[in-house]
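predicted coordinates and the sequence they were generated for:
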Amino acid sequence: MRELLVGVGIGAAMAYTAMQFFQRRSQLAHRQRLPAVSEYLLALAPRLNGKGHKGQAGRIGVLGGSVDYAGAPYYAGMAALRVGAELLYLCTAEEASGPIKAYSPELMVSAVYNTERISDSICAAAEMNAMVKKMMELLPRFHALA
């Protein structure tokens, strides 16, 4: 191994070692049975065989945000898309919907409440009821809500 390090450099040796590791790991995986959790997750996860339609492998809803906190729901939504969600519905305050829409065209942004009206003691109950009604209409579209 020392001659290999001197002859072709440390980077090539590390790549060769990593390649050996992954080959050995795949050989062991074929011989050993997958743990119960892995089998469960494999059965639960939809197959990505190219025959499905957009949204069949994951529709996620994210509820949150305000004019001051538009980043948190945006990052939660983008993280969901990066780990495999196909469609993301971001339900947020009216004031935050514009900036969030400008961040990314991948997010489907819906304004479900107004922060000013929900903070006002006179309008709060009506605004909360309106938000609940909007969310109840959207909930059947989601596989999960965060």
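Done, it's in. Numbering: from 1, shown residues only.

strands of the chain, start to end?
Assigned strands in the chain, in chain order: 59-63, 87-93, 108-113, 144-145 (criterion: DSSP state E).

now do the buried residues in the second one.
Of all the residues in strand 87-93, those buried under the rule 16 or more other CB atoms under 10 Å are 87, 88, 89, 90, 91, 92, 93. Quick note: C-beta positions are derived from backbone N, CA and C, even for glycine.

in the sheet, who's paired with the last one?
For residue 93, the beta-bridge assignment (DSSP bridges) gives partners residue 113.

pLDDT weak spots in this structure?
1-35, 44-46, 48 (pLDDT under 70).

which residues in it form helices?
In chain order, the chain shows helices spanning 2-8, 10-31, 36-44, 71-82, 94-103, 115-119, 124-138, with DSSP state H as the criterion.

quick one: residues contacting the spatially most central residue of the chain.
Closest to where the C-alpha atoms of the chain average out (CA atoms, centre = their mean) is residue 80, at 0.7 Å. Contacts for residue 80 (CB atoms under 8 Å, 6 or more residues apart in numbering) come out as 58, 60, 62, 88, 146.

same thing but at 7 Å, please
Residues near residue 80 by CB atoms under 7 Å, 6 or more residues apart in numbering: 60, 88.

returning to that earlier point: which one of the buried residues of strand 87-93 sits closest to residue 42?
residue 87 (22.4 Å; CB to CB).

quickly list what that closest one is bridged to.
Following DSSP bridges, residue 87 is listed with bridge partners residue 59.

next up, the contacts around it.
54, 55, 59, 108.

I'd guessed the first one sits against residue 86; true?
What that stands for is residue 54. Yes: Residue 54 is within contact range of residue 86, at 5.8 Å (criterion: CB atoms under 7 Å).
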